[in-house]
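Asker: Sequence first, then the predicted structure:
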Amino acid sequence: MKVKYQRTSTITQHGKRFDKDTNKYDMVLFDKGISGTTEFKTRTNGKKIVSLVENNELKELVVEELRDIGRNMVDTINTLDWLDKNGVNVVIRSMGNLCSRVNGKRNEIWGLVSSVMSSLYALELENLKIRTEMGRR
């Protein structure tokens with residue numbers, strides 16, 4: 001099964017950017033108004049993904065950006081590792097369809113790219129919080 005996972009941080013975001021993806025998926029899951037800092041496996045649709053993985057139904061998980069999986073570096077890395085151990089190929093569309101697995105084996109560059117990017121997304125979130133607080137003051 002090939003599943004597309006989408007997430008927005010607030011309920012006021014409509015996720016219109018997702019409309020640009022015209023690929024066909026067996027299922028599209030959208031967590032609207034869920035912070036990227038929320039543990040992936042506890043999100044409404046994160047739980048559905050866990051179930052699909054545990055039932056050996058999920059073969060490929062597609063996201064627009066790595067930050068859709070998470071903005072907490074530790075949870076993101078743990079989630080990606082768990083998916084990999086269960087043979088799920090993760091595809092990041094914004095990175096040229098970067099795949100975690102190639103020909104059924106772990107992509108050699110995946111660990112480096114995913115750890116650096118998850119760290120950058122966590123840093124980006126912290127900077128956003130600082131700028132927002134400064135703007136409020």
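Answerer: Everything's here; your move.
Asker: What are the buried residues along the lowest-mean-pLDDT helix or strand in the chain?
Answerer: Between all helices and strands in the chain, the lowest mean by mean pLDDT, DSSP states H and E belongs to helix 110-136, at a mean of 81. Residues Trp110, Ser114, Met117, Ser118, Tyr121, Ala122, Leu125 are the ones in helix 110-136 that count as buried (16 or more other C-beta atoms under 10 Å). Using the backbone N, CA and C atoms, a C-beta is placed for each residue, glycine as well.
Asker: do stretch 63-78 as well
Answerer: Neighbour-count burial for stretch 63-78 [16+ other C-beta under 10 Å]: 63-73, 75-77.
Asker: mind listing the strands in the chain by residue range?
Answerer: 2-7, 27-31, 60-63, 89-92, 98-99, 101-102, 105-106 (DSSP state E).
Asker: For Lys47, find the nearest of those.
Answerer: strand 27-31 (10.0 Å; C-beta to C-beta).
Asker: Show the model's pLDDT score for Gly15.
Answerer: pLDDT for Gly15: 67.
Asker: Stretch 31-45: how far from the chain's middle?
Answerer: Taking C-alpha atoms, centre = their mean, to the nearest Å, the mean C-alpha location of stretch 31-45 is offset from the chain mean by 10 Å.
Asker: Ok, stretch 104-117 next?
Answerer: When C-alpha coordinates are averaged (C-alpha atoms, centre = their mean), stretch 104-117 and its chain have centres 14 Å apart.
Asker: And for stretch 7-27?
Answerer: 12 Å.
Asker: and what of stretch 94-112?
Answerer: Worked out by C-alpha atoms, centre = their mean, stretch 94-112 lies 14 Å from the chain centre.
Asker: mind saving the C-alpha coords of it as PDB?
Answerer: Presented in PDB, the C-alpha positions along stretch 94-112 are these (Å, rounded to 0.1, in the frame of the first residue of the first chain):
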ATOM      1  CA  SER A  94      10.300  18.300  -1.800                       C
ATOM      2  CA  MET A  95      13.800  16.700  -1.900                       C
ATOM      3  CA  GLY A  96      13.400  15.300  -5.400                       C
ATOM      4  CA  ASN A  97      11.500  12.300  -4.200                       C
ATOM      5  CA  LEU A  98      14.300  11.200  -2.000                       C
ATOM      6  CA  CYS A  99      13.700   7.600  -0.900                       C
ATOM      7  CA  SER A 100      14.800   6.000   2.300                       C
ATOM      8  CA  ARG A 101      15.100   2.600   0.500                       C
ATOM      9  CA  VAL A 102      16.400   1.800  -2.900                       C
ATOM     10  CA  ASN A 103      15.800  -1.600  -4.400                       C
ATOM     11  CA  GLY A 104      14.500  -2.800  -1.100                       C
ATOM     12  CA  LYS A 105      17.700  -1.800   0.800                       C
ATOM     13  CA  ARG A 106      18.300   1.300   3.000                       C
ATOM     14  CA  ASN A 107      19.600   4.300   1.000                       C
ATOM     15  CA  GLU A 108      23.200   4.900   2.100                       C
ATOM     16  CA  ILE A 109      22.700   8.700   2.200                       C
ATOM     17  CA  TRP A 110      19.300   8.600   3.900                       C
ATOM     18  CA  GLY A 111      20.600   8.700   7.500                       C
ATOM     19  CA  LEU A 112      22.700  11.800   6.900                       C
END
